[in-house]
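[1] prediction below, plus the sequence it came from.
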Amino acid sequence: MKSLTEYLEFNVPKRRAFIHITPQVEELVRKSGVQEGLCLVNAMHITASVFINDDEPGLHADYEEWLEKLAPHEPVAHYRHNRTGEDNGDAHLKRQVMGREVVVAVTKGRLDFGPWERIFYGEFDGRRRKRVLVKIIGE
Ligand code: ZN
């Protein structure tokens, strides 16, 4: 069995952002040499997500609005979690909704996506260094 483990690094200058990471993951699949297998991509922080959806800016603006309605950042005193001295109670909830990881099949050496599927990193409490794990296993 072949395997490859790598870490992508992010330091998003804003509190929240969605970043398209499919090209980096595709590059790692090529590097792994795996033809048939699985590719796991997961956020290693509890205030960030990895998810699959459409690479369409209107949708990403809709996510931002929807997540702010579900778990508004302000007022920060609204969250019990923020009694610890943090201000990211909303970011933990947003991460839960958008998910921790994705697993994509590797077929004939390529990510086996549906027609509009793309991988995104979702940042909900940025302005610091964070990592995403990519693990590819197979033959
Ligand atoms: Zn926190």
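    Great, that's in hand. Quick caveat: nothing in here was measured; it's all calculated off a predicted structure.
[2] hmm, who's touching the top helix by length along the chain?
    In the chain, assigned by DSSP state H, the helix with the most residues is helix 57-70. Outside helix 57-70, the residues that touch it by Cβ atoms under 8 Å, 6 or more residues apart in numbering are 16, 18, 53, 93-94, 97-98, 122, 124. Where you see a C-beta, it was placed from the backbone N, CA and C, and this is true even at glycine.
[3] next SSE after it?
    Once helix 57-70 ends, the next helix or strand along the chain (criterion: DSSP states H and E) is helix 89-98.
[4] CA atoms of the helix or strand just after that next one as CSV?
    Next along the chain after helix 89-98, taking DSSP H and E as the criterion, comes strand 101-107. Taking C-alpha atoms only, strand 101-107 is exported to CSV below (Å, rounded to 0.1, in the frame of the first residue of the first chain):
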residue,chain,number,x,y,z
GLU,A,101,-13.4,16.6,6.9
VAL,A,102,-14.1,15.2,3.5
VAL,A,103,-13.1,11.8,2.0
VAL,A,104,-12.8,11.6,-1.8
ALA,A,105,-12.3,8.5,-3.8
VAL,A,106,-9.1,8.3,-6.0
THR,A,107,-9.8,6.6,-9.3
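[5] strand 101-107: partners in the sheet, and parallel or antiparallel?
    Here strand 101-107 has these sheet partners by DSSP bridges: strand 37-43 (antiparallel), strand 110-111 (antiparallel).
[6] right, and those strands - which one's nearest the ion?
    strand 37-43 (14.0 Å; Cβ to the ion).
[7] no further queries at this time; thank you.
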